[in-house]
Every structure is written in C-alpha cells, then in structure tokens.
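Novice: Here is a sequence with its predicted model. Questions after.
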Amino acid sequence: MLKTNWFYILLSLSGQEQHGYGIMNDVLESTSGQIRLWPATLYGTLKRLIDEGLIEESDERPAPELDDARRRYYRLTPAGKKVLDAESERLEQLVGILRKRRLEAM
Amino acid sequence: MIRFCLLIYRRLARAFPHEFQIVYGTDVVQLGEDVIEEIARHHGVFGLLRLVADLAWRVPMEYLSEIKQDVIYAMRTLRKSPGIAVAAVLSLGLGIGVPTAGFSEINVVLLRDLPGAKDPKRLLTTEASTTYAHYERYREHRELFSGVTAYVESVPFKFEHERVFGHLVSPEYFEVIGVHVPADGVVISERFWREHPDVLERSVRLNGRLVTIAGVAPKDFLGAKPVLPADVFVPMSMKKDFAPELSDNAKAYSVLMRLQPGVTEKTANAAVETIARQLDGEGFDANRNRKGQRVGLLPGGRVVPLSRRTLPVIFAFMGTLIALILGIACTNLANVLLARAAGRGKRSRFDWRSARAGSG
C-alpha cells in the first residue's frame, strides 16, 4: 500500500513533468483543497521517491515562455509508473468491492 | 506576523542535514516564500504555524532518515567482512565501554552526595580521626556549627551469630546528617533490616548483650562514610559495653559538623585550627598533617570526603587514562582498516597484472 503523499505526487506527475510548486498546487486543486502538501513534507517526500527510484529529476525544460528557471522539474520513472498503476488498480478494486456491497445491501 | 514566520522558517530550513540542505534547502525556502502569503490569506495564523511546524517536524525526520541510511550502509559493509566487523565492534566496545564504566564508578563514588543527607554542601568532616575532647570543644562553637557529631567507624559487632560492621555514634549523629530516625537506641540500616525483618523492636544479642533495635535508617543510608558502610548504629553511651578499650583520648573519633548559615568553609577551617592549638596547649595532640596543620576539614557531604583540590587531579588523571584507552581503540580500528585497504591494493595489482598477461 502506497503512502497517501506518495500516491498524490505520483498521480500529479503522471500527466506531465512538474516542479515542487506545481505538484503542490495540483494536489491542492485535485483534492478540492483538502490535501495540502506543506513545503518541507513535499520535498522530504520527493527525496524519498527519488531514493526509491519512482521519480527522477528531469533535464528537459518546458518551453521558455512556460519555464520557471528557478525551479527543478520532476518526472515519473518506469518503476514509478508501474507502482502508480498497481496502486490505482488496487484502489479501483477496493471501490468496486465497496460499490458491490452497497448494491447488495440495498 | 508573516515576516516573523518567514524569519523562523528560513532559520529552521538551515537546520536540515547537510546532504538534504545542498539538494533541497533552497527549494524548501523558495516554496515557503512563494506560498506563505496565500497560506496566511486562507488559513490565517494557524496556517502560518502549520507551515513552520511542518518544517520543524521534518528537520529531525531528515536526520533520522540519514542515520538510518548510514546504519544500513554500515551493516552491509560489515556483513561483507565479518572478521573486521568483530574487530571493530570489540575495539570500539572496549574503547567506549571501559571509560563509561570508569566514569560511572567515579560518579557513584566521588561525585555523589551522601545518600539521605540534608543539604550535604553544609557538612564538613575532619581529615583524620581525633579525640573525643576535640569533638566536645567543636560542639561548643554554636556560632560556627549548627551541629557537631562524633562517630567511630568500622566497628565490628557480633549480631546474634553474624559479624556486621557499624558505627558508635554520638547523640546528634542522625540530626547533624539530616536523617530522620524515629527512635533513640540501636539503629540498623534499611538493607540490614530487609535481611532480618523480624528484629525490629525486639531484643537481640549484640556482642552477647541483649539490646533492643529501636529503629531503621532510611533507604540507602549506610552511615556518614558509605565507602566503609555501616549496618548498625550504636549510641556512644553504650561504648563501655561494646568498646571498653576505647578511651576518650584515643584518636579514633571522626567528627562531622554542619556549618551555620553564612559561615564559610575557610572560616570553619581557621576556627577549628585555633581550637586544636588551644587543645594542644592543654595536653591533647591532634593528628598533624603534612602542612603542620592540626586539623584539616574536608567536604563531609560526599560519599568519599575529598578535598576540593584533589578532585581536579583525579579528573585530569581519569581524563588522560580515558583518552589513552580511546586512542588505543581507535588506532587499533584504524590499523585493521588500513590492513584491509592494503590487502585490497595488493589484490587489485595482482588482478591487473594477470589480466594484462592474459590479454598479451
């Protein structure tokens, strides 16, 4: 089972490469403001994810008009994609079981 | 408020471990600066506190994480070479364990206050045993001492059929030390009472004479000089029965005095010296120490009464000894590691030559 913070960060990087600030905002928006990754926690988690080989720093920069030169960009590694897929599948299964139980109860 | 939080935030961010600091330190600070106003708008003061608390929590977590990584790396390295691991653990274990045990002993014996004593810093004791007359004369000086007691240490008694050591004590003994003992008469130590729980307020044979055990001293109290522990405290009034050979003129009495408030050790020393000189003139002769002083006073509220000048010498000696032991342990470990490195060097040269010979 993946830690919540790890999952949200991997999810945020699944669509595109992001910098720390972008990940923070993305998670905040996608959870309707319910989950905020505070700066120190965010970078601590990014470090763990890099150590585990699930994400990596990206050398490629976005188009100059979109690029923020001060920031570092991160992207998923193939291992990170696999872990994200496996966790998503597990959660889908859980939701499926839950829905089935509710329908049975009704 | 925002500026204050930012100040603390920046300071805290500097406390991250070096490795994390280099890679992420700037990013953490920058992100904090970028979001702090938005956090203040949405979450108010609690949001700002949360931002700082998050950082304060992560700093020790990062240290723990680095320690964990170091330990894992060390375990892997040691597993690869168990001989070196055993040598390293033994060297460091002995190097750290022996000084620690030494210091623990010093702490217990030299630095600890007299167990059970009240305000032990105000207690002084005579350097050498003296006569009963000296004790009586010191006792008269109420302007210097709030209480003075004399005791004879390491007196052997036969308790029923068992040999125990105790003190012959003057009436003020427990009061001067500040130990509460419920009754007058023969008192036993708490540890002795635990071994003989049925003797309290009962007649027992002490040196063949029937005496009643009147009370038990508090836990851990083993007399005014615990290095020579006492389990039985017999009043000086019973001296004729238990030590008839001990005259008042014998230099066998240790004296313990409690300073009056405001009286310094130096003043007491000078006064006691004057009293001893007077007694010299009256035909008494207190033990003289090397400086020609008649009576020297030592801090009496310690497990071992040592002069304040002796302690630094002991610490310097112990410090040197510990530095030497640690030095030997580290040198030993360094030798082991150097030997391993040298061995590897030889192997790699050998491999390189054989590889070259093979390719030729």
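Specialist: Yep, it's here.
Novice: Flag the shaky bits of chain A, pLDDT-wise.
Specialist: By pLDDT under 70, the weakly predicted segments of chain A are A:62, A:66-67, A:69.
Novice: and the residue in the stretch 201-350 of chain B positioned nearest to chain A, what does it touch?
Specialist: Relative to chain A, the nearest point of the stretch 201-350 of chain B is B:L337 (27.5 Å; Cβ to the nearest Cβ). Heads up, the C-betas are built off the backbone N, CA and C, glycines and all. By Cβ atoms under 8 Å, 6 or more residues apart in numbering or on different chains, B:L337 lies in contact with B:I84.
Novice: How about the secondary structure of it?
Specialist: Of the three states, B:L337 takes helix under DSSP: H, G, I helix; E, B strand; the rest coil.
Novice: Can you check what pLDDT the model gives it?
Specialist: pLDDT for B:L337: 83.
Novice: What of B:V169?
Specialist: You'll see B:V169 listed with a pLDDT of 93.
Novice: What separation is there between it and B:R122?
Specialist: 19 Å (Cβ to Cβ, to the nearest Å).
Novice: So which bits of the stretch 51-200 of chain B are right by chain A?
Specialist: Residues of the stretch 51-200 of chain B lying near chain A by Cβ under 8 Å from any Cβ of the partner chain: B:51, B:54-55, B:57-59, B:61-62, B:65.
Novice: distance of A:G20 from A:K47?
Specialist: From A:G20 to A:K47 the distance is 11 Å (Cβ to Cβ).
Novice: So the two - more neighbours on which side?
Specialist: Neighbour totals were compared for A:G20 and A:K47, and A:G20 leads with 23 against 17 (other Cβ atoms under 10 Å in any protein chain shown).
Novice: Would you confirm that that one contacts A:R72?
Specialist: Yes - here A:G20 reaches A:R72: they are 7.3 Å apart, a contact under Cβ atoms under 8 Å.
Novice: Give me the common contacts of those two.
Specialist: In contact with both A:G20 and A:R72: B:D27, using Cβ under 8 Å, 6+ apart.
Novice: Quick check: B:E245 vs A:P39, distance?
Specialist: 84 Å.
Novice: ugh, wrong one, B:V313
Specialist: Taking Cβ to Cβ, one finds B:V313 at 55 Å from A:P39.
Novice: picking up where we left off before, which one of B:E245 and A:P39 is surrounded by more residues?
Specialist: A:P39 (29 against 6).
Novice: what sits against the more buried one?
Specialist: Contacts of A:P39 (Cβ under 8 Å, 6+ apart): A:20, A:24, B:28, B:31-32, B:35, B:51, B:54-55.
Novice: If we ignore the residues flanking it in sequence, what's nearest it?
Specialist: Leaving aside its sequence neighbours, A:P39 sits nearest to B:L31 (Cβ to Cβ, 6 or more residues apart in numbering or on different chains; 4.2 Å).
Novice: I'd say the one you found and A:N25 touch.
Specialist: No - contact criterion Cβ under 8 Å: B:L31 and A:N25 do not qualify, at 10.7 Å.
Novice: More neighbours: those two, which one.
Specialist: B:L31 (23 against 17).
Novice: Which secondary structure state does the more buried one sit in?
Specialist: Quick answer, by three-state DSSP: B:L31 is helix.
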